[in-house]
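**Student:** sequence and predicted structure below; questions after.
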Amino acid sequence: MKAMKNKKKKASRWDKVFVVCNTIFMIAFVVITLYPVLNTLAISFNDGTDALRGGVYLWPRKFTLQNYVTVLQKNNLVTGAYVTVARTVIGTVLALVANAILAYIVSRKNFIFKRGLSLFWVITMYVNGGLIPTFLLYRSLGLTNSFAVYVIPGMISAFNMLVIRTYMNGISDSLVESAQLDGAGDMTIFWKIISPLCKPVYATVALFVAVGQWNSWFDTMIYNRMSSEYTTLQYELMKLLSSVTNQGASAESMKQAIGAVTPTSVRAAATILTMLPIICLYPFLQRYFVTGLTIGGVKE
């Protein structure tokens, strides 16, 4: 009895030590994660010339909105914002629908080509044709200098499809069999039975696609560089950062060029504007994100 009590006391002590160490570690992890974001936010609201002195950490020393005014006054920024929002919304919806339908087809046990097609899609995750062949293909299909190049090529993703398929494979076959006995077809089963159960993985994939669409600027530079009506927010911000950086690092030259701002302060303001919509979107999907990622990522 004494030995059992001693073991329980030792185990209890180790549990307390573990809780304390785990708490300290998590607090340190949160601080390390949040500090760069808060520091960037403070610099974005701080006078650019004053920020060059250093010492701006979590709170702006000389508050100003000039950095954001400089960024928001950029030419074509409003057009780019509209296009970016449109490509994010439309691209996410189309990609989610396309990948979900494809995943449902591949997840069916009576689909005889599912293994071969799954292997083919996995290969495409590691091998592609390269930038130049892709550009020539898109141009021959009439996708360059158009909005379609933002949403059509990204409708199918092997990774997203496989994540959704794996999640669907975990749904009990008895639900599908019961629906089939009641006369339900594949589309009815997909929309009314499978899809409502796949909300966690749908939210996870939607977040992946939305972040990718929102942050994308390289495709604008390659395929729509000469079409200002199809420019994107990220591409305009990238050009702004490149322009202020190329004007020189001295505060005096920057002050003469664009006011009391510097490349560092403008970069901080552009970074905050870039990440703000995704930060606002994530809390609405967070409760689905962990479940969808862990269950959908389990290999069958």
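**Tutor:** That came through, no problem.
**Student:** what about the strands in the chain?
**Tutor:** Read by DSSP state E, the chain holds no strands at all.
**Student:** can you pull up the most central residue in it?
**Tutor:** For the chain, the residue nearest the mean C-alpha position is residue 211 (2.3 Å; C-alpha atoms, centre = their mean).
**Student:** need the pLDDT of the closest residue in space to that one that isn't next to it in sequence.
**Tutor:** Nearest residue to residue 211, sequence neighbours excluded (C-beta to C-beta, 6 or more residues apart in numbering): residue 278, at 5.7 Å. All C-beta spots, glycine's among them, are computed from the backbone N, C-alpha and C. On pLDDT, residue 278 comes in at 78.
**Student:** could you do residue 8 as well?
**Tutor:** 55.
**Student:** same check on residue 140?
**Tutor:** pLDDT, read off for residue 140, is 93.
**Student:** where's it relative to residue 134, distance?
**Tutor:** Using C-beta to C-beta, to the nearest Å, residue 140 is found at 11 Å from residue 134.
**Student:** who's more crowded, the two?
**Tutor:** residue 134 (14 against 9; other C-beta atoms under 10 Å).
**Student:** who are the contact partners of that one?
**Tutor:** residue 128 (C-beta atoms under 8 Å, 6 or more residues apart in numbering).
**Student:** pLDDT value on it, please?
**Tutor:** The predicted local confidence for residue 134 is 91.
**Student:** now it: how far from residue 117?
**Tutor:** With distances taken as C-beta to C-beta, residue 134 is found 22 Å from residue 117.
**Student:** what do you get for residue 159?
**Tutor:** 15 Å.
**Student:** now swap in residue 74 and tell me
**Tutor:** From residue 74 to residue 117 the distance is 45 Å (C-beta to C-beta).
**Student:** who has more neighbours, the two?
**Tutor:** Neighbour count, other C-beta under 10 Å: between residue 74 and residue 117, residue 74 has more, with 17 against 14.
**Student:** burial count for the nearest residue to that one once chain neighbours are set aside?
**Tutor:** Ranked by C-beta to C-beta, 6+ apart and with sequence neighbours excluded, the top spatial neighbour of residue 74 is residue 240, at 5.1 Å. Using other C-beta under 10 Å, residue 240 has 22 neighbouring residues.
**Student:** and residue 240, what does it touch?
**Tutor:** Counted by C-beta under 8 Å, 6+ apart, residue 240 has contacts 71, 74, 266, 270.
**Student:** state the distance from it to residue 119.
**Tutor:** 44 Å.
**Student:** ok, residue 97 next?
**Tutor:** 24 Å.
**Student:** can you check residue 229 too?
**Tutor:** 41 Å.
**Student:** over to residue 157?
**Tutor:** 16 Å.
**Student:** again, but for residue 108
**Tutor:** 17 Å.
**Student:** which one's more surrounded, those two?
**Tutor:** residue 108 (16 against 9).
**Student:** phi and psi next, for that one.
**Tutor:** phi -70, psi 130 (degrees, to the nearest 10).
**Student:** likewise the one 3 residues further on?
**Tutor:** For residue 111, the backbone dihedrals (degrees, to the nearest 10) come out as phi -90, psi 110.
**Student:** same check on residue 112?
**Tutor:** Torsion angles, degrees, to the nearest 10, at residue 112: phi -70, psi -20.
**Student:** what is the burial count for it?
**Tutor:** Using other C-beta under 10 Å: residue 112 sits among 8 other residues.
**Student:** let me know the pLDDT of it.
**Tutor:** pLDDT at residue 112 comes out at 83.
**Student:** isn't residue 111 right up against residue 102?
**Tutor:** No: if you go by C-beta atoms under 8 Å, residue 111 and residue 102 don't touch, sitting 11.0 Å apart.
**Student:** distance of residue 190 relative to residue 100?
**Tutor:** 8 Å.
**Student:** what's the answer for residue 36, then?
**Tutor:** 35 Å.
**Student:** of these two, which one has the most company?
**Tutor:** residue 100 (23 against 10).
**Student:** for the more buried one, give me the pLDDT.
**Tutor:** 94.
**Student:** then residue 254?
**Tutor:** 45.
**Student:** begin at 49, not 1, for the rest of this chat.
**Tutor:** Yep, numbering from 49; the last one is residue 302 now.
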